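Student: Predicted structure and sequence below. I'll ask about it afterward.
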Amino acid sequence: MDPQHLRTFVAVAGLASFSAAARELGYTQSAISQQIAALEQDLRTPLLLRRPVVPTEAGARLLEHAPGILLRLDAARADVARLGRSARGRLRLAVTALAVPEGTARALALTRRELPRADIAVAVLGRAAAVAAVASGEADVAVVDGLAAPSDPLALPASAPVSATRIAERGLGVLLPAGHPLARRDRVPLAALSDARWLDAPEAAVPLAELRAATGSEAFPATLTLTGPDLRSVTACVAAGLGLAAVPAGTPLPPDVAAVPLADPGLLHRTEALWAGTLTGAARTFVDALGSH
């Protein structure tokens, strides 16, 4: 199976259009058609209906496998490329918004002290994007966060060929406007808030999907969706009374927002460092510094 043909198939199926895929990938429409035809010939089965452009049953099954296949190929390419360059003076870091306070800045400072001439760049991303960046070689290390049971690892995509190490585990708090009736409570059970209005900000707070999965509930209705890893937008919306959000205990907050600890010991916020291949150079220095805080 030609990887480029598979990428083209994913683009056509996702856009439901041969012409749109051609524009996105920079090919002619006839070249796109030829690649799809070649893939169908290779697999000996039709993958797409043409009018309208929708996957066949076989095409839908291939779409389930495609992300893992392509991610593995990107990871292999990145791993081989690492052997051909020195990583000592370069660090590309992907970090999720709620993982930033978990010693990331301190570890970067220690890395800079150890390697004063290192070329360091940091991107704040959502968890899925950060994991993909490490697997594909776009990032040397990712620091990611998520909800987990005590001592359990984060649930990462099975297709992502990465190694992981625990950085921190914390309790959770629910963000409320400072004047909210519950803002002065010592603790509040999550179940008591299941029917409250919530913000769905999966890249800047604990995703509502994780709260539902952890509690086995379809509650936690979202009244507003926020995209992007911007915690300040979340706290501003909470302060305005637009909804609640869950964050790790100790997250820096403005004075018009309160964080009340959740009385749910089976739920923790976990932070992990991820990398692909073998840690060397600045990446090794950074991960060692993370583990020492």
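Tutor: Perfect, thanks for sending it.
Student: pLDDT weak spots in the stretch 101-250 of the chain?
Tutor: Confidence mapping of the stretch 101-250 of the chain against pLDDT under 70 gives the ranges 101-102, 157-160.
Student: That one: helices as residue ranges?
Tutor: 104-114, 127-136, 208-215, 231-239 (DSSP state H, counting those that start in this stretch).
Student: Residue 288 falls within a helix, correct?
Tutor: Yes - using DSSP: H, G, I helix; E, B strand; the rest coil, the assignment for residue 288 is a helix.
Student: Quick check: pLDDT value at it.
Tutor: On pLDDT, residue 288 comes in at 92.
Student: measure it to residue 154 for me?
Tutor: Counting by Cβ to Cβ, to the nearest Å, the gap from residue 288 to residue 154 is 20 Å. Any C-beta I mention is one placed from the backbone N, CA and C, and that applies to glycine too.
Student: Please say which of the two ends up with more neighbours.
Tutor: residue 154 (17 against 14; other Cβ atoms under 10 Å).
Student: mind listing what the more buried one touches?
Tutor: Residues near residue 154 by Cβ atoms under 8 Å, 6 or more residues apart in numbering: 144, 145, 146, 148, 164, 270, 272.
Student: Tabulate the helices of the stretch 101-250 of the chain (JSON lines), appending mean neighbour count and distance to residue 194.
Tutor: Shown next, in JSON lines, are the helices of the stretch 101-250 of the chain (neighbours: other Cβ atoms under 10 Å; distance: least, Cβ to Cβ, whole Å):
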{"stretch": "helix 104-114", "mean neighbour count": "17", "distance to residue 194": "32"}
{"stretch": "helix 127-136", "mean neighbour count": "23", "distance to residue 194": "23"}
{"stretch": "helix 208-215", "mean neighbour count": "17", "distance to residue 194": "7"}
{"stretch": "helix 231-239", "mean neighbour count": "20", "distance to residue 194": "17"}
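Student: Looking at these, which is nearest to residue 192?
Tutor: Residue 192 lies closest, by Cβ to Cβ, to one member of the helices of the stretch 101-250 of the chain: helix 208-215, at 11.7 Å.
Student: contacts for the closest one?
Tutor: 146-147, 149, 190-191, 194, 198, 200, 202, 218-220, 222, 246, 266-267.
Student: Out of these, who's the most crowded?
Tutor: Neighbour max across these (other Cβ under 10 Å) = residue 246, 26 neighbours.
Student: so that one bridges to which residues?
Tutor: residue 174 (DSSP bridges).
Student: Once you drop chain neighbours, what's closest to residue 239?
Tutor: Leaving aside its chain neighbours, residue 239 sits nearest to residue 256 (4.3 Å; criterion: Cβ to Cβ, 6 or more residues apart in numbering).
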